[in-house]
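Here is a sequence together with a model predicted from it:
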Amino acid sequence: MSGPRLRSMNVAESETRSVLGPGGNKSGSLSCRKQGSKPMVKAEKLGKEVRERKCYEVSSVVASSPESHSVSVLRRHEQLLHSNLSLNASCSSDASTDSFHSRASTGRLTRSNSLGCTRKRSVSKPRSVASDGVLESPPDASKLKKTCAWVTPNTESCYATFHDEEWGVPVHDDKKLFELLVLSSALSELTWPSILSKRHIFREVFADFDPVTVSKFNEKKMMTPGTAASSLLSDLKLRAIIENARQISKVIDEFGSFDKYVWSFVNHKPIVSRFRYPRQVPAKTPKADVISKDLVRRGFRSVGPTVVYSFMQVAGLTNDHLMSCFRFQECVSAAEGKEENTTKDDAQQKGCDNVMESNLSIAIDALSFSSE
């Protein structure tokens, strides 16, 4: 009774037990060993099919890729085929097929990576050109100049031009100074872009800002509704402009020019503020307060400290360009050039005066000698 039971247990175990290692199951029967040899035949057939597929893929890669690259790909696949042929035949069917598939997949990944590298290199060629200096900087970088922070790309062109060409440049012409004083007083009702867009109308209405001509204007005609002057400013501002023109005429009679009077407050030399940030630029200063009080004492109107300081900024009495702005040094150089010219003119004038005095002394000596 014990014999048949042992046989039935062995048969059941032979049907369910699998091959465990390269040496097989030593305790198994002969039928177990024969069954374990069948997967080896299947693995060899599967290996042949995979090899044929690889050969087909290699041929397709060779046909589509350049010659230099195809040679390297063929060498890699030959090495891969040799490594696959040298597999250990004593390994089990499962281990052999798994290792074969893993090597096949590794070969495919290696091939795809190699192709990907070549494609990336071809794409990265323009980048290498850019790194050589061709595209490192924008073509217009040399033309870009840093301006004051209140001049942005969205700033109107008229105001940007005004900043780049006029604002902060020392002015010494009486008509120009009168114009800038009028425009600065108009800031209480308008903005700089609006004023600059109507600048040609201002010049037509106020006779190119000739103080003598404007001082003779009729206020009633200027303030008549529908006129160009009434469309620019309020009646109060128009009266102030006419009155200021009259007072400028008196200043010219007293000091010789409005230029000498205004620049005497800063000792005929611009104030260089050297601000780094916009928040440092003030709305008025003690110097502007002093000038404002003297103008009011002389009969000027609409010339508060804020208006006077705006006038000082635009007329170049103070250089309020930020130090980072390209106009800062240009305005400083313009002021220094004006000082040099003024010094030369004074020296020439003194030389002429000395020559005249020497000539007069010689003539007086001659007359006195002849009379004797």
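Cool, the structure landed.

and Lys260, how many neighbours does it have?
15 (other CB atoms under 10 Å). All C-beta atoms are positioned from the backbone trio N, CA, C, and that covers glycine.

same deal with Val182?
22.

how close does it sit to Glu165?
Remark: distance between Val182 and Glu165 (CB to CB, to the nearest Å) = 19 Å.

domain parsing for this protein?
The domain map for the chain lists 33-119, 157-358, with the assignment taken from automatic domain parsing.

The longest one - what's its average pLDDT?
Read it as domain 157-358. Averaging pLDDT along domain 157-358 yields 90.

Let the chain start at 99 from now.
Got it, first residue is 99 now, which makes that one domain 255-456.

looking at it, Leu393 is touching Phe409, isn't it?
No: applying CB atoms under 8 Å, one finds Leu393 not in contact with Phe409, separated by 9.9 Å.

So if I had to pick from the two, which one is more boxed in?
Counted by other CB under 10 Å, Leu393 and Phe409 do not tie: Phe409 has more neighbours, with 26 against 23.

Got the phi and psi for the more buried one?
phi -60, psi -40 (degrees, to the nearest 10).

these two touch, right, it and Phe276?
No: with contact defined as CB under 8 Å, Phe409 does not reach Phe276; the gap is 10.3 Å.

What count of nearby residues applies to the residue nearest to Gln345 when sequence neighbours are not counted?
Distance criterion CB to CB, 6 or more residues apart in numbering; nearest residue to Gln345, sequence neighbours excluded, is Gly397 at 4.8 Å. Neighbourhood size, Gly397 [other CB under 10 Å]: 11.

Would you mind measuring from Gly397 to Glu264?
From Gly397 to Glu264 the distance is 28 Å (CB to CB).

could I get stretch 288-295 in PDB with only the CA atoms?
Extracted in PDB, the C-alpha atoms of stretch 288-295 (Å, rounded to 0.1, in the frame of the first residue of the first chain):
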ATOM      1  CA  LEU A 288      -1.000 120.300 -17.700                       C
ATOM      2  CA  THR A 289       1.600 117.600 -17.900                       C
ATOM      3  CA  TRP A 290       4.900 117.700 -19.700                       C
ATOM      4  CA  PRO A 291       3.800 115.400 -22.600                       C
ATOM      5  CA  SER A 292       0.700 117.600 -23.000                       C
ATOM      6  CA  ILE A 293       2.700 120.800 -22.900                       C
ATOM      7  CA  LEU A 294       5.300 119.600 -25.300                       C
ATOM      8  CA  SER A 295       2.700 118.400 -27.800                       C
END
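
What residues of the strand or helix carrying Lys391 count as buried?
Assigned by DSSP states H and E, Lys391 belongs to helix 384-396. For helix 384-396, a neighbour-count test (16 or more other CB atoms under 10 Å) marks 385-386, 389-390, 393 as buried.

residues making contact with it?
345, 348-349, 360, 363-364, 369, 401-407, 410, 416 (CB atoms under 8 Å, 6 or more residues apart in numbering).

before we move on, what about stretch 411-430?
By CB under 8 Å, 6+ apart, the list of residues contacting stretch 411-430 reads 243-247, 261-262, 264-269, 275, 278, 281-282, 360-361, 363-364, 368-376, 379, 383, 385, 407, 409-410, 432-433.

now do 6 Å
243-246, 265-269, 278, 364, 368-374, 379, 410 (CB atoms under 6 Å, 6 or more residues apart in numbering).

And stretch 319-333, by the same measure?
299, 303, 336.

out of those, which is most surrounded?
Most surrounded of the contacts of stretch 319-333: other CB under 10 Å gives Val303, at 22 neighbours.

how close does that one sit to Leu334?
16 Å.

mind listing the strands in the stretch 349-470 of the chain by residue range?
369-370, 416-417 (DSSP state E, counting those that start in this stretch).

Ignoring the adjacent residues along the chain, who's closest to Glu352?
Here the residue nearest Glu352, using CB to CB, 6+ apart, is Tyr359, at 7.6 Å.

Touching, the one you found and Asp351? I think so.
No: Tyr359 is beyond contact range of Asp351, at 10.8 Å (criterion: CB atoms under 6 Å).

So between the two, which is more surrounded?
Tyr359 (20 against 8).

buried ones in stretch 254-273?
Buried residues in stretch 254-273 (16+ other CB under 10 Å): 257, 260-262, 264-270, 272-273.

Kindly report the same for stretch 371-384.
Neighbour-count burial for stretch 371-384 [16+ other CB under 10 Å]: 371, 373, 379, 382-383.

Same question for stretch 277-296.
277-285, 288, 290, 293-294, 296.

Mind putting these into TSV with distance to Thr325 and secondary structure?
Output for these, formatted as TSV (distance: CB to CB, whole Å; DSSP: H, G, I helix; E, B strand; the rest coil):
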residue	distance to Thr325	secondary structure
Glu277	20	helix
Leu278	23	helix
Leu279	22	helix
Val280	17	helix
Leu281	19	helix
Ser282	23	helix
Ser283	19	helix
Ala284	16	helix
Leu285	22	helix
Leu288	17	coil
Trp290	24	helix
Ile293	18	helix
Leu294	21	helix
Lys296	14	coil
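
Of these, which pair is most distant in space?
The most widely separated members of these, counting by CB to CB, are Leu279 and Lys296 (16.6 Å).

Thanks again, I'm all set now.
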